[in-house]
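Undergrad: Sequence and predicted structure, then a few things I'm wondering about:
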Amino acid sequence: MLVSVAAKRLGTSTQTLRLALQQNLYPEFGRAVKTSPKRWTYVIVDELFEAYMKARDYESSNNLSNNNFDGSNGDK
């Protein structure tokens with residue numbers, strides 16, 4: 001998958017995704033490989049990217065990131 005296509009689907013810029021891949025921030029679906037002192041090659045595996053997006057969409061639709069698993073209701 002092209003970095004530009006993945007970036008658009010993630011809602012970020014192409015350059016931001018490139019930098020994230022260089023820093024190994026998305027090992028779930030992609031890698032950046034330094035091929036020379038000033039050049040990088042980017043690999044995004046379609047199937048892994050789709051699985052990542054599906055999991056991310058599932059999490060956001062079910063508000064899993066906002067659940068309180070300690071039994072509290074979130075009130076302070």
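TA: Everything's here; your move.

Undergrad: C-alpha from now on. contacts and neighbour counts both.
TA: Noted.

Undergrad: Read off the pLDDT value for residue 58.
TA: In this model, residue 58 is scored at 85, pLDDT.

Undergrad: could you list every residue that touches residue 52?
TA: 28, 29 (Cα atoms under 8 Å, 6 or more residues apart in numbering).

Undergrad: Helix, strand, or coil at it?
TA: Three-state assignment for residue 52 (DSSP: H, G, I helix; E, B strand; the rest coil): helix.

Undergrad: Then residue 15?
TA: Under three-state DSSP, the three-state class of residue 15 is helix.

Undergrad: What's the local residue count around it?
TA: 12 (other Cα atoms under 10 Å).

Undergrad: Same check on residue 4?
TA: Residue 4: 15 neighbours (other Cα under 10 Å).

Undergrad: would you say it is within a helix?
TA: Yes - counting by three-state DSSP, residue 4 is found in a helix.

Undergrad: pretty sure it contacts residue 14?
TA: Yes - between residue 4 and residue 14 there is a contact under Cα atoms under 8 Å: 5.2 Å.

Undergrad: Helices of the protein, start to end?
TA: Remark: helices assigned in the chain by DSSP state H are 3-10, 14-22, 46-61.

Undergrad: Determine which stretch of those is the most buried.
TA: Among the helices of the chain, ranked by average contacts under mean count of other Cα atoms under 10 Å, first place goes to helix 14-22 (a mean of 17).

Undergrad: and it with helix 3-10, angle?
TA: Here helix 14-22 points in a direction 100 degrees away from that of helix 3-10 (axes from the mean of the first three to the mean of the last three Cα atoms, to 10 degrees).

Undergrad: Now find how far off-centre helix 14-22 is within its chain.
TA: Distance of helix 14-22 from the chain centroid (Cα atoms, centre = their mean, to the nearest Å) equals 10 Å.

Undergrad: show me the contacts for the most centrally placed residue in the chain.
TA: Centroid-nearest residue in the chain: residue 26, 4.9 Å away (criterion: Cα atoms, centre = their mean). By Cα under 8 Å, 6+ apart, the contact set of residue 26 is residue 20.
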